Structures are given as C-alpha cells and as structure tokens.
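[1] got a predicted structure here, sequence first:
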Amino acid sequence: QQACDDGTGGGAFLRREGLYSSQITEWRKLRDAGVLEGKKPGEKIGRPTADQAEIGRLRRQLEVSERKLARTEAALSIMEKARLLLEDISESAEQQPWYKKP
C-alpha cells in the first residue's frame, strides 16, 4: 500500500513490479471466491469452480449493497436532522411578536 502512496500513483508501482491491472482484478475475483484460502505463496492456483465464482460474485454484490445502504442511511439521517431544524425554526418564528399566522 505504501509503495502506491509515493506520489507516482498505483500504475507506476504496478509497472515497476511487472504487474498488470488485469492480474490484480483476477486475483481479487479468486480471493473473493475463496480460492486462495489455505494456499501458500507461489502455490499453483486453479480456476474457480462454478460455486466459487458464484460466491465471489455474491460477495462483491453484497459489498456494493452494503455501501449503498450506508449511503442511504446517512442521507435519511441528514434529512431527518434538516426536518427537525426546520421545525425548530418554524416554532421560534411563530413565537416572535412580529409573526402573523396566515
């Protein structure tokens, strides 16, 4: 991680190490599918089974859904706070002597 933070960007790090972004993408898919669990560095890795590929797909989908849920919850919280603030402003305005009800 720190090697990518040296200001040259992740692409420069990958080129320097002789890696391609497609390899990183494939590694993430294998990792998410559980294919890499229990494997030692350098050990040969086969293609994921259909079940493993489906597990990886579902894990990625769950991650996306959880991020969307968190964003939605934050938006709802902000909206509720804004509603309460507007209610407070409205109530305080009604208490002012210059305020006339419509």
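    Yep, that arrived. Predicted model, so just to flag it, every value in this text is computed and none were measured. Numbering: from 1, shown residues only.
[2] wait, L14 sits on I24?
    Yes: under the criterion of Cβ atoms under 8 Å, L14 makes contact with I24 at 7.3 Å. C-beta: built from backbone N, CA, C; applies to glycine.
[3] which of these two has more neighbours?
    When neighbours are counted by other Cβ atoms under 10 Å, L14 and I24 differ, and L14 comes out ahead with 16 against 12.
[4] give me the pLDDT for the more buried one.
    pLDDT for L14: 80.
[5] Q96: neighbour count?
    8.
[6] can you check A75 too?
    The burial count for A75: 10, using other Cβ under 10 Å.
[7] host element of the spatially most central residue of the chain?
    Centroid check for the chain by Cα atoms, centre = their mean gives R67 as the closest residue, at 4.9 Å. According to DSSP states H and E, R67 maps onto helix 50-94.
[8] now that helix: average pLDDT?
    Here helix 50-94 scores 92 as its mean pLDDT.
[9] what residues are up against W27?
    Applying Cβ atoms under 8 Å, 6 or more residues apart in numbering, we find W27 in contact with L36.
[10] one more pass at 10 Å, please.
    Contact partners of W27, counting by Cβ atoms under 10 Å, 6 or more residues apart in numbering, are L19, V35, L36, I45.
[11] the residue of the chain most remote from its centre in helix, strand or coil?
    Centroid-distance maximum for the chain: P97 at 50.4 Å, with Cα atoms, centre = their mean. Here P97 takes the coil state, with states given by DSSP: H, G, I helix; E, B strand; the rest coil.
[12] contacts for stretch 46-59?
    Applying Cβ under 10 Å, 6+ apart, the contact partners of stretch 46-59 are R28, K29, L30, R31, D32, A33, G34, V35, L36.
[13] buried residues, that stretch. List them.
    Using 16 or more other Cβ atoms under 10 Å as the test for burial, stretch 46-59 gives P48, Q52, A53, I55, G56.
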